[in-house]
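Visitor: take a look and give me a structure for this.
(2 chains)
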Amino acid sequence: MHIDIDEISKEFGATAALHPVSLSVPSGALVALLGPSGSGKTTLLRILGGLEFPNAGRVLFDGQDATNLTVQQRRAGFVFQSYALFRHMSVFDNIAYGLNARPRASRPPKAEIARRVANLLALIQLPDIGARYPSQLSGGQRQRVALARALAIEPRMLLLDEPFGALDAKVRKELRQGLRDIHDTTGLTTLFVTHDQDEAMELADLVVVMSMGRIEQIGKPADIRARPATPFVREFIAA
Amino acid sequence: MSDAAPALRHPVTTERPLTRWLLIGLVITVLSILLFAPLIAVFVEALRDGLGAAVASLGAPEARSAIRLTLTVAAISVPLNAAFGIAAAWLVAKYDFRGKTLLLTLIDIPFSVSPVVAGLCLVLTFGAHSALGGWLVAQGHPIVFAFPGIVLASMFVTFPFVARELIPVMVEQGRAEEEAALTLGASGWRVFRSVTLPNIRWALLYGVLLSNARAMGEFGAVAVVSGKIRGVTATMPITIEMLYNEYLSTAAFALAAVLTLLALVTLGLKTLLEIRHADALAAARRH
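Guide: As a prediction, the model looks like this:
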């Protein structure tokens, strides 16, 4: 799905989290929102997911105005920073949650839900952990379960908030490839937030560098490396 | 250095055996004097004239009315306070707004105000001499010296229990799981039922049990608003006091024993649940 962000701004009380920003994400792209903490990248992601609403500006999905769609209507697969798995549910129930939450008319039958969960567990390469609880999983496993749970709702896009933030360096490298593979398999338009420029440059088709609530530069990793648009970008990617 | 050597033979976080036994002995002594002895005394006094006499005294209309009244009051005030406590804790834990500190202070008022003063406040507000109370009496719905006053007084004193148990738990858990459920398409009510409530169920249970114990045992506030009408507005604690003052020891202590048993059943229930769900409790904490 093609996403357009049109002059979005957001204030929290007196502080401006986003000055009007505009961004166009082509369908099927894998985009990194890169910037230091407080740059507004998570706010932008949450606005896309419908968890925050902008003070001004519009969000368009495939050219349709989606600014006032509720979080449920957005159908965005969202992966949270600390994964936010439901701690009192098994992995199976976590992944099935979105399907079970559908209104009766569009809810798949039980056997179909079980089949889809099994497929998703296979996709994240953890076929045997359905009966376990989140507290019994490693950090990397939790991240992948969160990804499977987000994919279960057949989302229109995938939004990930610091998906590798809570992991150690080795697992981080492995899961980067995992995300790339899942993106390529599903073809979903994917945006992820990161403060790690290596991660952004290595993984993304398109990198959006943000600072202080503004977009500093949008471009392919190689172009940003070769021609940083502002002194901030030059300094940030050199760090 | 030689002085310190023996201390290093046992793990640094444990004390020498002598210290340990002294501390344990002290705790047991204090518990015996303050808790166990009085508890046992209640049952001994109740059974002084035999089990038959005790049971017979409980069959008296006065005692039966008191038991029924106390259980009814608890059955009404505890669920209402649970609902209020969940709403207040939700508000405090999940939203930022002006006056949050003020709200927290208000919730704590029943902890700091004497129950007798609380009872007097209710009498002044709803009594026959106030404008509101006078009107209510004229409509045939008296609050003070009647059943509604007892429920209000019990609710007042048990107000903070559920909210106070829930707030720290909900603050610690944050909003992420609820937000995740929303992005997965769940409605607000479904999120509450399937995510919020299961995550707070233990704290909620403790709050409800504490609130229930206090509602059944409350004396001060209820004594003021109830008017202590025998067989009508006299709850168990009030009936116990009246019987005791009339030297009806067996009847007083038999009723006191029932009240104690109700409290012990509550405690037993809580312990049983803790044992049966030990795994779930541990899992919830480990995450």
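Visitor: just the C-alphas of stretch A:84-96, formatted as PDB.
Guide: Backbone C-alpha positions of stretch A:84-96 (Å, rounded to 0.1, in the frame of the first residue of the first chain) are rendered in PDB as follows:
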ATOM      1  CA  ALA A  84       3.900  -5.800  24.400                       C
ATOM      2  CA  LEU A  85       3.000  -9.500  24.100                       C
ATOM      3  CA  PHE A  86       0.000 -10.400  26.200                       C
ATOM      4  CA  ARG A  87       1.800 -12.000  29.200                       C
ATOM      5  CA  HIS A  88      -1.200 -14.100  30.400                       C
ATOM      6  CA  MET A  89      -1.700 -15.700  27.000                       C
ATOM      7  CA  SER A  90       0.200 -18.500  25.300                       C
ATOM      8  CA  VAL A  91       2.100 -17.700  22.100                       C
ATOM      9  CA  PHE A  92      -0.700 -19.300  20.100                       C
ATOM     10  CA  ASP A  93      -3.400 -17.100  21.700                       C
ATOM     11  CA  ASN A  94      -1.200 -14.000  21.300                       C
ATOM     12  CA  ILE A  95      -0.900 -14.600  17.500                       C
ATOM     13  CA  ALA A  96      -4.600 -15.600  17.200                       C
END
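Visitor: which residues touch it?
Guide: With contact meaning Cβ atoms under 8 Å, 6 or more residues apart in numbering or on different chains, stretch A:84-96 is reached by A:97, A:113-114, A:116-117, A:120-121, A:129-135, A:137, A:142, A:145-146, A:148-149, A:152, B:176-177, B:179-181, B:194-195, B:198-199, B:280, B:283-284, B:287. All C-beta atoms are positioned from the backbone trio N, CA, C, and that covers glycine.
Visitor: quick one, which of those residues are buried?
Guide: Buried subset of the contacts of stretch A:84-96 (neighbour count, 16 or more other Cβ atoms under 10 Å in any protein chain shown): A:97, A:113, A:116-117, A:120-121, A:129-130, A:133-134, A:137, A:142, A:145-146, A:148-149, A:152, B:177, B:179-181, B:194-195, B:198-199, B:283-284, B:287.
Visitor: which strands and helices sit next to the longest helix seen in chain B?
Guide: In chain B, with assignment by DSSP state H, the single longest helix is helix B:61-94. Where contact means 3 or more Cβ pairs under 8 Å, 6 or more residues apart in numbering or on different chains; DSSP states H and E, helix B:61-94 is packed against helix B:50-59, helix B:100-112, helix B:147-173, helix B:197-217, helix B:236-245, helix B:249-276.
Visitor: C-terminal to the fourth one, what's the next element?
Guide: So that's helix B:197-217. Remark: after helix B:197-217, the chain's next helix or strand is helix B:220-226, criterion DSSP states H and E.
Visitor: now find how far off-centre that next one is within its chain.
Guide: 17 Å (Cα atoms, centre = their mean, to the nearest Å).
Visitor: alpha carbons only: can I get it in PDB?
Guide: Extracted in PDB, the C-alpha atoms of helix B:220-226 (Å, rounded to 0.1, in the frame of the first residue of the first chain):
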ATOM      1  CA  GLY B 220     -17.400   3.400  63.900                       C
ATOM      2  CA  ALA B 221     -19.000   5.000  60.900                       C
ATOM      3  CA  VAL B 222     -21.900   2.500  60.900                       C
ATOM      4  CA  ALA B 223     -22.500   3.000  64.600                       C
ATOM      5  CA  VAL B 224     -23.100   6.700  64.000                       C
ATOM      6  CA  VAL B 225     -25.400   6.500  60.900                       C
ATOM      7  CA  SER B 226     -27.300   3.300  61.700                       C
END
